[in-house]
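J.: Sequence first, then the predicted structure:
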Amino acid sequence: MKYSDQTCKILIFACLVASFTVNIVDAGTITMTSVDSQPFGAASNNIIILPDKKVTLTTTADNGTVQVKYTPSAGVKMDSDTGTGTATETGMFSFGTNCIGQSNSIAVQITHNSTNNSGKPITCVGGADNVTFSIFIPKIEIKDADDKVIGTSPTPTVIVGQEVHVGLKPTDGLGITVSKWTVPGTTFKSFDADDQTGTVTYLSSDDLSHTNATVYWSDALASGQVQCAVTAQGQQYNLTAPITVVRPTANVTSKTGNIGFVQYGSYLYLSYGDASSPTSVSGIRYFETMSIPAGFEGITEWVQIFYSQEQHNKYITNSNGTNIIYSQKLTGANVVDTTYPYTIFNNDPITDVDSPAAGLSINGIYVSRSDSIGLWFMFKPLAPGASQYVPLSIIDWSWSATASRTNTNANWNIDTSTHNVNPPGINTTNFPIWNGNVNELRWVPE
């Protein structure tokens with residue numbers, strides 16, 4: 001190659017050629033290349049590599065010889081340096097675990113001995129023979145809502161319902177873009193609930209295509225890998241990070257009663273159980289115990305949903321001396337039971353129960369009631385940020401009965417009755433979903 005006795009250039013190359021140029025007085029052309037790495041940034045001396053990659057810097061003079069002095073930053077290890085004092089010198093570098101997620105550097109000082117047109121030796125002088133390479137090894141960081149890195153021994157451990165942020169470090173000024181996050185396990189974006197609606201929103205592809213993503217887990221995960229597909233300096237590659245998700249263990253049980261007639265005040269009811277006194281047997285009573293993994297704490301709530309409720313009544317009315325039978329019905333599906341959360345649960349011996357009932361009118365001659373109900377036991381961690389309630393257990397229970405009498409002066413009789421006995425709590429990750437309130441159901445003629 002031709003050279004000028006006024007200037008020379010150092011060109012930095014990688015897998016794809018990009019360049020960084022410095023001028024050295026009175027020298028030939030020197031080319032420095034990097035292999036086993038992602039490309040240098042265009043017109044910069046930045047390199048982005050994966051944690052298991054090495055960087056090889058090769059300095060070649062097209063006339064004369066080179067001597068290169070390398071000064072790596074902490075954690076960067078020079079594995080070998082060959083060819084010093086010849087036309088080509090090569091240094092190979094590897095990176096310790098403390099280099100991951102950091103900006104690392106290799107300072108290079110080049111001495112070039114060459115011969116000009118007159119045959120005189122020329123030595124590079126001045127500051128232009130010093131080059132510093134910045135090597136960035138991005139990593140996935142898993143943080144809480146306070147921007148604190150979650151512990152890494154043996155892997156980052158979070159609890160269901162905890163607000164978790166996944167992101168990259170470092171990213172500033174490096175042109176790194178995220179094309180896709182892949183999060184393992186059972187995840188969601190939010191659970192939103194009130195006395196009217198309960199909805200769960202799951203993570204969308206857009207939620208997982210930014211530099212940072214907010215994730216909630218609803219189920220345990222013994223050993224998972226968070227993955228991030230990124231583009232950096234024209235190259236695509238994947239990063240991974242381990243994560244463990246823990247979940248409380250809940251044991252929910254029930255004890256059921258019987259169906260019969262109960263007097264509440266001055267009114268008679270066809271009732272599942274009896275809630276008239278502390279010693280009476282309720283329709284269903286709930287019990288729960290819970291064990292929270294060490295290092296975490298949280299609070300609980302109950303949510304009760306009517307999968308369906310259906311009631312039919314028949315009355316006798318008198319019009320101009322003629323008895324007329326009038327019928328009406330009340331039906332609903334997927335509605336919350338009165339309030340969110342189900343606030344009657346307060347560990348009181350009377351109120352931690354449910355005894356649904358159908359009122360018997362003084363003009364009534366027939367009534368039927370059928371309920372299919374789900375009761376969720378929910379948990380929310382006490383952790384930074386907007387923790388979310390997640391389901392731990394569900395009891396599915398039901399009852400139905402019909403009663404009638406021949407006229408408004410006769411006694412009521414139970415014609416049919418059924419209920420499931422002592423239904424157990426079942427482990428679940430399915431959220432309760434509802435649209436409406438049981439108190440808003442209305443009677444209509446039939």
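T.: That came through, no problem.
J.: ok, how many other residues are close to the residue nearest to Ser105 when sequence neighbours are not counted?
T.: Nearest non-adjacent residue to Ser105, counting by C-beta to C-beta, 6 or more residues apart in numbering: Ser73, 4.5 Å away. Just so you know, the C-beta spots here come from the backbone N, C-alpha and C atoms, and that holds for glycine as well. Neighbours of Ser73 under the rule other C-beta atoms under 10 Å: 16.
J.: do you know how far Ser73 is from Gln102?
T.: 9 Å (C-beta to C-beta, to the nearest Å).
J.: for Ala386, same thing?
T.: 31 Å.
J.: Which one's more surrounded, these two?
T.: Gln102 (19 against 12).
J.: which residues touch the spatially closest residue to Ser280 that is not a sequence neighbour?
T.: Counting by C-beta to C-beta, 6+ apart, Ser280 lies nearest to Asp274, which is 3.9 Å off, once chain neighbours are set aside. Asp274 makes contact with Gly257, Gly260, Val262, Ser280, Val281, Ser282, Ser355, according to C-beta atoms under 8 Å, 6 or more residues apart in numbering.
J.: So which of the residues you listed sits lowest on pLDDT?
T.: Among these, Ser280 carries the lowest pLDDT, at 82.
J.: With Ser355 as the reference, measure out to it.
T.: Taking C-beta to C-beta, one finds Ser280 at 9 Å from Ser355.
J.: joint contacts of the two?
T.: Joint contacts of Ser280 and Ser355 (C-beta under 8 Å, 6+ apart) are Gly273, Asp274.
J.: which one of these two has more residues nearby?
T.: Ser355 (21 against 14).
J.: which residues does that one contact?
T.: Gly257, Val262, Ser271, Tyr272, Gly273, Asp274, Ala275, Ser282, Gly283, Ile284.
J.: Let's see that with 10 Å instead.
T.: Residues near Ser355 by C-beta atoms under 10 Å, 6 or more residues apart in numbering: 257, 262, 264, 269, 271-276, 280-285, 399.
J.: Sheet partners, orientation included, of the longest strand anywhere in the chain?
T.: For the chain, the longest strand by residue count, based on DSSP state E, is strand 298-319. According to DSSP bridges, strand 298-319 forms sheet pairs with strand 322-336 (antiparallel), strand 364-381 (antiparallel).
J.: Among those, single out whichever gets nearest to His112.
T.: Nearest to His112 among the strands paired with strand 298-319 is strand 364-381; the distance by C-beta to C-beta comes to 62.0 Å.
J.: Hmm, Ser393 is touching Asn251, no?
T.: Yes: Ser393 lies in contact with Asn251 (C-beta atoms under 10 Å); the separation is 7.8 Å.
J.: For those two, indicate the residue with more neighbours.
T.: Using other C-beta under 10 Å, the more surrounded residue of Ser393 and Asn251 is Ser393, with 22 against 15.
J.: so that one bridges to which residues?
T.: Phe377, Asn427.
J.: show me what contacts it?
T.: Applying C-beta under 10 Å, 6+ apart, the residues near Ser393 are 248-253, 288, 290, 375-379, 424-428.
J.: ChimeraX command to pick out the buried ones of the residues you listed?
T.: Here is the ChimeraX command that selects only those of the contacts of Ser393 that count as buried (16 or more other C-beta atoms under 10 Å):
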select :248,250,252,288,375,376,377,378,379,425,428
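J.: okay, and the common contacts of Ser73 and Gln102?
T.: Phe95, Ile135.
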